[in-house]
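J.: Build the 3D model from these lines:
(one chain, ligands or ions: 2)
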Amino acid sequence: MDGLYEGLSTQLDKDLLRFLTCGSVDDGKSTLIGRLLYDCSLILDDQLATLEQASRRFGTTGDSIDFSLVLDGLEDERQQRITIDVAYRFFTTRERAFVVADTPGHEQYTRNMATGASTSDLAVILVDARKSVLPQTKRHAFICSLLGIRHLVLAVNKMDLVAFDERCFEEIATGFSEFAAGLGSASIRAIPLSARFGDNVTRRSARMPWYRGPTLVEYLHSVEVSGGASELPFRFPVQWVNRPNAEFRGFSGRIVSGAIAPGDELIVAGLGRSARVKEIMTYEGALDGAQAGAAVTLTFDSEIDIARGDILAEPREPPEFVDEFAAHVVWMSDQPLVPGRSYLLKIGTRTLPATVTALKHRIDVNTLAHLADKTLGLNEIGFCNLSTSAPVAFDAYAVNRDTGAFILIDRFTNETRDDRLRAAARQQHSLAGTDGWSETAGGIEGTDRRDPLVDRTFGRREINDRRCHRKEITRFGPAHDAARRRQCAARAEP
Ligand SMILES: Nc1nc2c(ncn2[C@@H]2O[C@H](COP(=O)(O)OP(=O)(O)OP(=O)(O)O)[C@@H](O)[C@H]2O)c(=O)[nH]1
Ligand SMILES: [Mg+2]
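T.: Ligands and ions are numbered 1, 2, ... in the order given. Have a look, this model is predicted:
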């Protein structure tokens, strides 16, 4: 049994890359992931037997295995031969651990794609070599950039259907990089491949000798995506005030970013109260330190008023705390977004009434142009001003994806309208990233001008400062972590 745990922890200790496959319908996303798992010998014999059976029944590839069926497991997906819901797979190779989200290409299910993108660090955007870059390819690429994905792979698929033509690949790659230049990606890598036959997926293709770059798997092994959540400033949205008896009062939740040790000072964001951490409790007992991802209960050395929905944060780098801000919104409801209407805004563990006070512009996903509009329809993307019934704590989405994202909920229906969407119990109108700044001077003029990270009244130039600041945070991270580890080790010594 010890051996099993050791084996498991070795797998979990590997550097983790979260990525998604996206792009237009039928471009081969599910086939690519199925093929990748198969070629890495990650499909077990009994799974293979089931896959062969399913391929005979639902397959689109004659007598050979239809790899898309590894991912498309729902009955409806198999009948309709499309992906509907996001499918996640965790897998490891010798070099790295991966979580892949295979998302649907159909426009109707764009919201499911956005869900998959919201937790990924890299996107593999597929294009059918015969069809080139389509509006849906651009929409997905843009949603990826909005949701903070800075690394893109353009997988030009079905090269077998264009006779492995180099010129065809070059034209698509050039066209896409011209479009993607406006997305602010850190890296874009184009790879020609055939998911169905495995060319350039894990094996270098002899049929495309003109391509000298890495295979998809080689690239996924080597790509660096910096900035793990533990390297960001500490954030702890309080989920529950845990008070089983008069002797104990702790605050439970999940650390969404940063690291912490007993003795550290924390503040309640926006409220100015602070206290030092006394204990970090878990079911297994007290910890010497904890970091992003850990579900813990914190106790403090002094009585402090903290409620569900508050964010506990590092005093040196607190989050924003305002009741008016601007954000990009991906609209996910059949009912249009209407400025002036009241919604519920859920951010972290806090839910409160909010109004979209103005739709500043809608974004044309083909040209990235800003268009004047009065409403946003299903799958449309816009930039809005929002106002909440009370100040809320958040970070700019570009800095922290956990504390910078929110959803808007219909106050009256509070439910999923689209029956075909299985995922959500509540109607999620939008998934949005706060840009952490507001163009409306009104509600924010009274705020103090402090350093750019905490200032709510900054404009474009300061946004750039904020983005640069992230690098500093990243640099600050490992040293900070190392210091914490030393602190913890010192405390652990008798
Ligand atoms: N010839 C050829 N066919 C391919 C290739 N990759 C995928 N296909 C076929 O394209 C069709 C669609 O493949 P899927 O993997 O289901 O496409 P998808 O992008 O996941 O589709 P959605 O998730 O519904 O958007 C299937 O019939 C695949 O066999 C390829 O490299 N070459
Ligand atoms: Mg699919």
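
J.: Ligand 1 contacts on the stretch 301-450 of the chain?
T.: Nowhere does the stretch 301-450 of the chain come near ligand 1, counting by CB under 6 Å from any ligand atom. C-beta: built from backbone N, CA, C; applies to glycine.

J.: Point out where the stretch 301-450 of the chain drops to low pLDDT.
T.: Along the stretch 301-450 of the chain, the parts satisfying pLDDT under 70 run over 414-450.

J.: Tell me, how many residues neighbour residue 243?
T.: Residue 243 is flanked by 11 other residues according to other CB atoms under 10 Å.

J.: repeat for residue 239
T.: Counted with other CB under 10 Å, residues neighbouring residue 239 total 16.

J.: Likewise for residue 97?
T.: Neighbour count for residue 97, taken as other CB under 10 Å: 16.

J.: Looks like it contacts residue 42 (just checking).
T.: No - with contact defined as CB atoms under 8 Å, residue 97 does not count as touching residue 42 (11.9 Å).

J.: Could you give the separation of stretch 146-158 from the chain centroid?
T.: Distance of stretch 146-158 from the chain centroid (CA atoms, centre = their mean, to the nearest Å) equals 13 Å.

J.: hmm, that stretch touching ligand 2?
T.: No - on the criterion CB under 5 Å from the ion, stretch 146-158 is out of touch with ligand 2, staying 11.8 Å away.

J.: Would you work out how far apart the start and end of that stretch are?
T.: 28 Å (CA to CA, to the nearest Å).

J.: buried set for that stretch?
T.: By neighbour count on 16 or more other CB atoms under 10 Å, the buried set for stretch 146-158 is 146-158.

J.: about what we covered before: what sits in contact with each of residue 97 and residue 42?
T.: residue 91 (CB atoms under 8 Å, 6 or more residues apart in numbering).

J.: returning to that earlier point: farthest pair within the buried residues of stretch 146-158?
T.: The span of these, defined through CB to CB, is set by 148 and 158 at 29.3 Å.

J.: now the buried residues of stretch 146-158 as a markdown table including distance to residue 279?
T.: As requested, the buried residues of stretch 146-158 are exported to a markdown table (distance: CB to CB, whole Å):
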| residue | distance to residue 279 |
| --- | --- |
| 146 | 39 |
| 147 | 36 |
| 148 | 33 |
| 149 | 37 |
| 150 | 37 |
| 151 | 39 |
| 152 | 43 |
| 153 | 44 |
| 154 | 49 |
| 155 | 48 |
| 156 | 54 |
| 157 | 53 |
| 158 | 57 |
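
J.: now these as JSON lines including secondary structure and distance to ligand 1?
T.: What follows is the buried residues of stretch 146-158, written out as JSON lines (DSSP: H, G, I helix; E, B strand; the rest coil; distance: CB to the nearest ligand atom, whole Å):
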{"residue": "146", "secondary structure": "helix", "distance to ligand 1": "20"}
{"residue": "147", "secondary structure": "coil", "distance to ligand 1": "19"}
{"residue": "148", "secondary structure": "coil", "distance to ligand 1": "23"}
{"residue": "149", "secondary structure": "coil", "distance to ligand 1": "18"}
{"residue": "150", "secondary structure": "coil", "distance to ligand 1": "23"}
{"residue": "151", "secondary structure": "strand", "distance to ligand 1": "20"}
{"residue": "152", "secondary structure": "strand", "distance to ligand 1": "17"}
{"residue": "153", "secondary structure": "strand", "distance to ligand 1": "15"}
{"residue": "154", "secondary structure": "strand", "distance to ligand 1": "14"}
{"residue": "155", "secondary structure": "strand", "distance to ligand 1": "10"}
{"residue": "156", "secondary structure": "strand", "distance to ligand 1": "10"}
{"residue": "157", "secondary structure": "strand", "distance to ligand 1": "5"}
{"residue": "158", "secondary structure": "coil", "distance to ligand 1": "4"}
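
J.: Now the nearest residue to residue 177 once chain neighbours are set aside: phi and psi?
T.: Distances taken as CB to CB, 6 or more residues apart in numbering place residue 188 nearest to residue 177, at 5.8 Å, with adjacent residues excluded. Residue 188 adopts backbone torsions of phi -130, psi 120, taken as degrees, to the nearest 10.

J.: partner residues bridging residue 188?
T.: Going by DSSP bridges, residue 188 is paired in beta bridges with residue 152.

J.: Quick one: residues contacting it.
T.: 152, 153, 154, 176, 177, 180.

J.: so how far is ligand 1 from residue 248?
T.: Separation of residue 248 from ligand 1 (CB to the nearest ligand atom, to the nearest Å): 50 Å.

J.: Likewise for residue 229?
T.: Between residue 229 and ligand 1 the computed distance is 29 Å (CB to the nearest ligand atom).

J.: Am I right that that residue is in contact with residue 257?
T.: Yes - using CB under 8 Å, residue 229 makes contact with residue 257 at a distance of 4.5 Å.

J.: more neighbours, these two?
T.: The residue with more neighbours, out of residue 229 and residue 257, is residue 257; 26 against 18, by other CB under 10 Å.

J.: Find the nearest non-adjacent residue to that one, please.
T.: Counting by CB to CB, 6+ apart, residue 232 is the residue found nearest to residue 257 once chain neighbours are left out, at 3.9 Å.

J.: Same check on residue 54?
T.: In space, residue 54 comes closest to residue 69 once its chain neighbours are excluded; the distance is 4.7 Å by CB to CB, 6+ apart.

J.: Pull the number of nearby residues for residue 302.
T.: Residue 302, neighbours per other CB under 10 Å, totals 9.

J.: which residues touch it?
T.: Taking CB under 8 Å, 6+ apart, one finds 275, 276 in contact with residue 302.

J.: pretty sure it belongs to a strand, no?
T.: No - assessed with DSSP: H, G, I helix; E, B strand; the rest coil, residue 302 is coil; it does not lie in a strand.

J.: Now name the helix or strand holding residue 36.
T.: Assigning secondary structure by DSSP states H and E places residue 36 in helix 29-39.

J.: For that helix, list the C-alpha coordinates in CSV.
T.: Coordinates of each C-alpha in helix 29-39 appear next as CSV, following Å, rounded to 0.1, in the frame of the first residue of the first chain:
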residue,chain,number,x,y,z
LYS,A,29,-10.5,18.1,-31.0
SER,A,30,-11.8,14.9,-29.4
THR,A,31,-10.0,12.7,-31.9
LEU,A,32,-6.7,14.5,-31.1
ILE,A,33,-6.9,13.9,-27.3
GLY,A,34,-8.1,10.3,-27.9
ARG,A,35,-5.1,9.7,-30.2
LEU,A,36,-2.7,11.4,-27.8
LEU,A,37,-3.8,9.1,-24.9
TYR,A,38,-3.7,6.0,-27.2
ASP,A,39,-0.2,6.8,-28.5
